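Asker: I would like the atomic coordinates for the input below:
(one chain, ligands or ions: 3)
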Amino acid sequence: MGKIWLALEIGNSRLHWALFIGKKLYSAWNTHYLAESVIQQLAKCQTLDHLLLAISPPHQKISRENTSSSPPSPLSPPPLLVASVVPSQTAIWQTYPNTRVITLDQVSLKGVYPTLGIDRALALWGAGKTWGFPMLVIDAGTALTFTAADANQCLVGGAILPGLGLQFATLGQQTGQLPLVEMQNFPSLPSRFALNTTEAIQSGVVYTILAGIKDFIEAWWQLFPNGRIAIKGGDRTLLLNYLQTLYPEIAARLIVEQNLIFWGMREIVMEHKE
Ligand SMILES: Nc1ncnc2c1ncn2[C@@H]1O[C@H](COP(=O)(O)OP(=O)(O)O)[C@@H](O)[C@H]1O
Ligand SMILES: CC(C)(COP(=O)(O)O)[C@@H](O)C(=O)NCCC(=O)O
Ligand SMILES: [K+]
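Answerer: Ligands and ions are numbered 1, 2, ... in the order given. Predicted coordinates for the structure are as follows:
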């Protein structure tokens, strides 16, 4: 049985977790940020199951059937590999006794610039190494990002804009009269020319994000006709459903994979295998 390790992607909205056993991704899940007190407790967990319980989302216990019949041996804290774009959170996670923060210099992507988000670099690296370069990654997260690399695994570049949730939140919070629109997983698209405020907000945000995605994808295919595209992030399913309605030929060519960053982290672990 391979070495157990935990991967943690710290995004601006929430935490994304993965439990690896060797190079096998065993389980992946999301949680809110954890309180500092909870993080300090993690170091005291005596078994893996206790640790997993502490970092499980409410009502969903992440566990690993004990393959061994023997009682769980006292746990030395498993390695925790952290990729974070939230410096204040990164600092808190340093208190965990066996933390390894992944930094841009550890990602073998070429041509990166110093402030490139580690999440963008790792997702692109994970997608490219899994499905091949040239690769464009769309991350529908707190921010919606486009990040691309060419056939030589060299950064082509990308773009950053407010994600779906951020756009709705900004309209609701920064205006006097607009409601805070929650985007449940609406099966149907709003009317483009809406006749009520809520639908007008949905239309404005959704159609422009979809048009932007289409525009960047067409520009990508102009540059790299055989370029691949992968999409991750909390809004990926919602946006994919809409793309399937509006631009089915584009939707059909998207690789939908939430765990791109974890594939990128695994590449790094395997590259540096002692
Ligand atoms: N359970 C959820 N909690 C938070 N955001 C969610 C959730 N489900 C979907 N989302 C959507 O996903 C977006 C956050 O995407 P995610 O990839 O989780 O963020 P990040 O990696 O930036 O923290 C939010 O803007 C929101 O629209
Ligand atoms: C753009 C991001 C905030 C996206 O993060 P997320 O939406 O996943 O929380 C993150 O990639 C970041 O902090 N980037 C640094 C700037 C750059 O990539 O150029
Ligand atoms: K993200």
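Asker: neighbours of the residue of the stretch 151-274 of the chain found nearest ligand 3, just the number please.
Answerer: Proximity to ligand 3, evaluated over the stretch 151-274 of the chain using CB to the ion, is greatest for residue 233 at 5.0 Å. (Each C-beta comes from the backbone N, C-alpha and C, glycine too.) A count of neighbours around residue 233, defined by other CB atoms under 10 Å, yields 26.
Asker: For residue 78, which residues are in contact?
Answerer: Applying CB atoms under 8 Å, 6 or more residues apart in numbering, we find residue 78 in contact with 4-6, 48, 51, 98.
Asker: sorry, back to before: next, find the distance separating the closest residue to the residue of the stretch 151-274 of the chain closest to ligand 3 other than its chain neighbours from residue 167.
Answerer: The shortest distance from residue 233 to any residue other than its chain neighbours is 3.6 Å, reached at residue 140 (CB to CB, 6 or more residues apart in numbering). Noted for residue 140: a distance of 12 Å to residue 167, by CB to CB, to the nearest Å.
Asker: do the same with residue 129
Answerer: According to CB to CB, residue 129 and residue 167 sit 32 Å apart.
Asker: sec struct for residue 12, please.
Answerer: At residue 12 the chain is in coil, as set by DSSP: H, G, I helix; E, B strand; the rest coil.
Asker: same check, this time on the one 5 residues further on
Answerer: Look at residue 17: counting by three-state DSSP, its state is strand.
Asker: Check it and give its pLDDT.
Answerer: Note for residue 17: predicted pLDDT of 97.
Asker: who's in contact with it?
Answerer: By CB under 8 Å, 6+ apart, the residues touching residue 17 are 6-9, 28-31, 55, 62.
Asker: In strands, which of the residues you listed fall?
Answerer: Applying DSSP state E to those, the entries found in strands are 6-9, 28-31.
Asker: Reformat these as TSV; add pLDDT.
Answerer: Below are the ones in strands among the contacts of residue 17 laid out as TSV (pLDDT from 0 to 100):
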residue	pLDDT
6	95
7	97
8	97
9	98
28	96
29	96
30	97
31	96
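Asker: Mind checking which of these are buried?
Answerer: The neighbour count (16 or more other CB atoms under 10 Å) marks 6-9, 28, 31 as buried among the ones in strands among the contacts of residue 17.
Asker: okay, among those, which ones form the most distant pair?
Answerer: Farthest apart among those by CB to CB are 7 and 31. That separation is 13.2 Å.
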